[in-house]
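Novice: Need the 3D shape of this:
(chains A and B)
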Amino acid sequence: MTEATRRTGRPGVALVIGAGAIKCAAAIGVSKVLEDAGIGVDLLVGCSGGSMFAALLALGYDAATCEKLTLQMWTAEVTRRHDRKAMLRALMPKLFGFNASWGMIDDTLITDRFRKVYGDRTFADTKIPFHVVAADFENGEKVVLSEGKLADAIRASIAIPFVFKPWRVGGRLLIDGSLADPMPVDVAIRENASVILAIGFDNPYQRRINSPVRFAFQVTTVMTNNLLRANYAFHNLAYHSELILILPEFEGRVNAFDTGRLPHIIERGARAMEEQLPYVKQILAAAA
Amino acid sequence: MDVTVERHGEIAVVLVSGSIDANTAPDLATALSGQIQQGSTRLVADFSAVAYTSSAGLRALLGTLKEARLHGGDFRLAAVRPGVFRVLELSGFTSILKYFPDVQGAVESFAG
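Specialist: Down below sits the predicted model:
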């Protein structure tokens, strides 16, 4: 707990890490700049890919360890093995019994990796209060996970439509949080944070739409990018305090599993945070 | 943040420089509202020297837009830098107000 939280009883600085797969690793750079400046984060919120990094930061790992653990979790291998039964279910749904728990990719590896990195640790084990956003696949509701195992919450939040099957948590079948709110600043608003730093990313559009899968991805991308804008527009105007966007600029296109570009992504996150740092310091000093 | 006003006929062109944030947004809102209250309901904000705008800055812009239109005028932006444009675009402002690559284009747009 930072001094601001102790004094006011409300979170001083909240860091919201929106959806964006490997681009969310920019949060490691953001966190490092804040730490070097002596600015503590009182609350972390993650959605989809952002939940992986928010969890690492909430557990108190330093930048180097976050980078190392990212390489242990999020590599292209996790999408290489197709789920053959799922493909048969898609082709012949009645014969093979299609149901809502469907994804093209065998999720064994990604699920195992999350279990390895996060172990049996729960939200209660984090050093910084932390929330994960997912979507209820049955009714579309936004679900904010704040208790239970971290690995389950993160697995649910990154249940990318068509790729990884939805994940059941607490009796609810959950899918990628970006379908409900790609940059959930409202969770930080609800927790009454004084200053919200929000890292958000557009989902990249398909270069060529030459298969039904790419078509489906494009549809999802169009919807989630528009949802990002709609939600942010509302929350930006509804929030009475300061909401500061951190928008890292990357060189060239960054694909979902461009783990080889991790140093660049982290550096650009740091650079984007450094640009806002004087102002963040100013408003924190004014609030002190 | 600094605000200076130039007249281009009936149009008030407000040159804003620096960052628009919680500390400076009230001054900007006051300056823009002052122009409207004096009868200059057609406003162009020259954003070529605006480095950043936070949520407080966006609220000031929205307030000005509402007030100008309420008085029969409009509030338009010119020469917005790419970084600021991304914030405006993400927050939906580019779909509710008119923006132009330069001040001349914004001023001339009121003639149409």
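Novice: show me where chain B has helices.
Specialist: Ranges of helices within chain B are B:25-37, B:55-70, B:82-90, B:103-109, based on DSSP state H.
Novice: Output the ones you listed in TSV, with distance to residue A:141 and mean neighbour count appended to each entry.
Specialist: C-beta here means a position set from N, CA and C on the backbone, and glycine is covered the same way. Shown next, in TSV, are the helices of chain B (distance: least, Cβ to Cβ, whole Å; neighbours: other Cβ atoms under 10 Å in any protein chain shown):
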stretch	distance to residue A:141	mean neighbour count
helix B:25-37	34	18
helix B:55-70	26	20
helix B:82-90	24	17
helix B:103-109	43	18
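Novice: out of the ones you listed, which comes closest to chain A?
Specialist: Smallest distance to chain A across the helices of chain B (Cβ to the nearest Cβ): 3.9 Å, for helix B:55-70.
Novice: ok so, going back, so for residue A:118, which of the helices of chain B sits nearest?
Specialist: Taking Cβ to Cβ, helix B:82-90 is the member of these nearest to residue A:118, at 30.7 Å.
Novice: Now do the closest one against helix B:55-70, angle only.
Specialist: 70 degrees (axes from the mean of the first three to the mean of the last three Cα atoms, to 10 degrees).
Novice: For helix B:82-90, which outside residues touch it?
Specialist: Residues outside helix B:82-90 that contact it (Cβ atoms under 8 Å, 6 or more residues apart in numbering or on different chains) are A:200, A:228-229, A:232-233, A:245, A:247, B:47, B:50-53, B:58, B:77, B:80, B:94, B:99.
Novice: mind running it again at 10 Å?
Specialist: By Cβ atoms under 10 Å, 6 or more residues apart in numbering or on different chains, the list of residues contacting helix B:82-90 from outside reads A:183, A:198, A:200, A:202, A:225, A:228-229, A:232-233, A:236, A:244-245, A:247, A:249, A:272, A:275, B:19-20, B:47-48, B:50-55, B:57-58, B:61, B:77, B:80, B:93-97, B:99.
Novice: Give me the neighbour count for the residue of chain A found nearest chain B.
Specialist: Residue of chain A nearest chain B, by Cβ to the nearest Cβ: residue A:233 (3.3 Å). Look at residue A:233: counted by other Cβ atoms under 10 Å in any protein chain shown, it has 17 neighbours.
Novice: got a list of what it touches?
Specialist: The contact partners of residue A:233, by Cβ under 10 Å, 6+ apart, come to B:58, B:90-93, B:95-96.
Novice: Surely residue B:17 touches residue B:4?
Specialist: Yes - counting by Cβ atoms under 10 Å, residue B:17 touches residue B:4, with 8.3 Å between them.
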